[in-house]
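Enquirer: prediction below, plus the sequence it came from.
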Amino acid sequence: MCRFLAYSGEPVFLSDLVCAPTHSLVHQSLHADEGKTETNGDGFGIGWYGERPEPGVYRDISPAWSDENLTNLCGQVRARTFFAHVRASTGTATARANCHPFVYGRHLFMHNGQIGGYHRIKRRLEALIPDAFYDHRRGSTDSEAIFLLALANGLEQDPVGAMARTLETIRALMKEANVSEPLRFTALLTDGETLTAYRWACDGRPPSLYYRDGPGGIVVVSEPIDGCREGWQVVPKGGTLRARHGTTTTVTVPESTRSRAA
């Protein structure tokens, strides 16, 4: 599975978090410690918010560890909010359109996990996405399908409720298709102002998710980028993190979420 990082706070250069740390995301693309696979070489992507309302996005299919353009870009771009992602495919093609983060208007979304038996429910899942959102479908991943269906379910107005309804719908499709593989969903969403992180799984084994909240901003990661656990907090299984610069970060595990993640 994939590895990712999100930041929101005072403007910093992307390289300070994506490239420079001992166990940076670029390092994790070749040497992940807590992922299903150690290597995440099926592409990468970054998305950031600058002077315009909509984010900038740069994605490519080359491994992050060998892309000089990524290193150079991260060393020149400073942003108040940004996403970075290194991909390990769970079955769909290695293509630029399948690299995260995905963008819709002001929103960025990236995912670490999988829909078990996705090939068995893909057609029915895509049929649930209204044309207005399906027109933005560029790739073939389950991650992008989740994002577009969640948008149709009201993600922009209700990030937590809309995503819960979306995962409930997907679980129903999986049960109808007699899929025994799990739905695992650790993901990040932002509109440039508010950051939402999700950590859910139907089998109680969601991919790892940590955060570190400081005076300058918050960092949310698949695994600590400094190579140690000290100073990092775990987003609990079934939990949702909500952060907005200048306000208190909240982590909740609603009862309804616990039942869906059980």
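Expert: That came in fine, so what should we check first?

Enquirer: against residue 231, how distant is the nearest residue to residue 217 once chain neighbours are set aside?
Expert: Nearest residue to residue 217 in three dimensions, chain neighbours excluded: residue 9, at 1.4 Å (Cβ to Cβ, 6 or more residues apart in numbering). For the C-beta atoms, the positions are set from N, CA and C on the backbone; glycine is no exception. For residue 9, the distance to residue 231 (Cβ to Cβ, to the nearest Å) stands at 15 Å.

Enquirer: the more surrounded of the two?
Expert: Neighbour totals were compared for residue 9 and residue 231, and residue 9 leads with 18 against 11 (other Cβ atoms under 10 Å).

Enquirer: so the more buried one sits in a helix?
Expert: No - secondary structure of residue 9 (DSSP: H, G, I helix; E, B strand; the rest coil): strand, not part of a helix.

Enquirer: how close does it get to residue 249?
Expert: Applying Cβ to Cβ to residue 9 and residue 249 gives a distance of 11 Å.

Enquirer: are there residues contacting both of the two? Which ones?
Expert: Common contact partners of residue 9 and residue 249 (Cβ atoms under 8 Å, 6 or more residues apart in numbering): residue 218.

Enquirer: any idea how far apart the tips of stretch 193-207 sit?
Expert: By Cα to Cα, to the nearest Å, the extent of stretch 193-207 from end to end equals 25 Å.

Enquirer: over to stretch 38-51?
Expert: Start-to-end, stretch 38-51 (Cα to Cα) is 36 Å.

Enquirer: buried residues in it?
Expert: Neighbour counts over stretch 38-51 (16 or more other Cβ atoms under 10 Å) mark 40-50 as buried.

Enquirer: ok, now stretch 135-150?
Expert: Within stretch 135-150, the residues scored as buried using 16+ other Cβ under 10 Å are 137, 139-150.

Enquirer: quick one, strands of the stretch 1-150 of the chain?
Expert: For the stretch 1-150 of the chain, the strands defined by DSSP state E, counting those that start in this stretch occupy 3-13, 44-48, 56-60, 78-86, 102-104, 107-115.

Enquirer: TSV for these, including distance to residue 133 and mean pLDDT?
Expert: What follows is the strands of the stretch 1-150 of the chain, written out as TSV (distance: least, Cβ to Cβ, whole Å; pLDDT from 0 to 100):
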stretch	distance to residue 133	mean pLDDT
strand 3-13	23	97
strand 44-48	19	98
strand 56-60	18	97
strand 78-86	20	97
strand 102-104	8	98
strand 107-115	12	97
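
Enquirer: rebuild these as CSV, extending it with distance to residue 194.
Expert: Output for the strands of the stretch 1-150 of the chain, formatted as CSV (distance: least, Cβ to Cβ, whole Å):
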stretch, distance to residue 194
strand 3-13, 8
strand 44-48, 15
strand 56-60, 19
strand 78-86, 9
strand 102-104, 15
strand 107-115, 10
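
Enquirer: which among these is found nearest to residue 221?
Expert: Closest to residue 221 of those is strand 3-13 (Cβ to Cβ; 4.9 Å).

Enquirer: distance from that closest one to the middle of the chain?
Expert: How far strand 3-13 lies from its chain's middle: 13 Å, per Cα atoms, centre = their mean, to the nearest Å.

Enquirer: quick check: angle from it to strand 107-115?
Expert: Strand 3-13 and strand 107-115 are oriented at 160 degrees to each other (axes from the mean of the first three to the mean of the last three Cα atoms, to 10 degrees).
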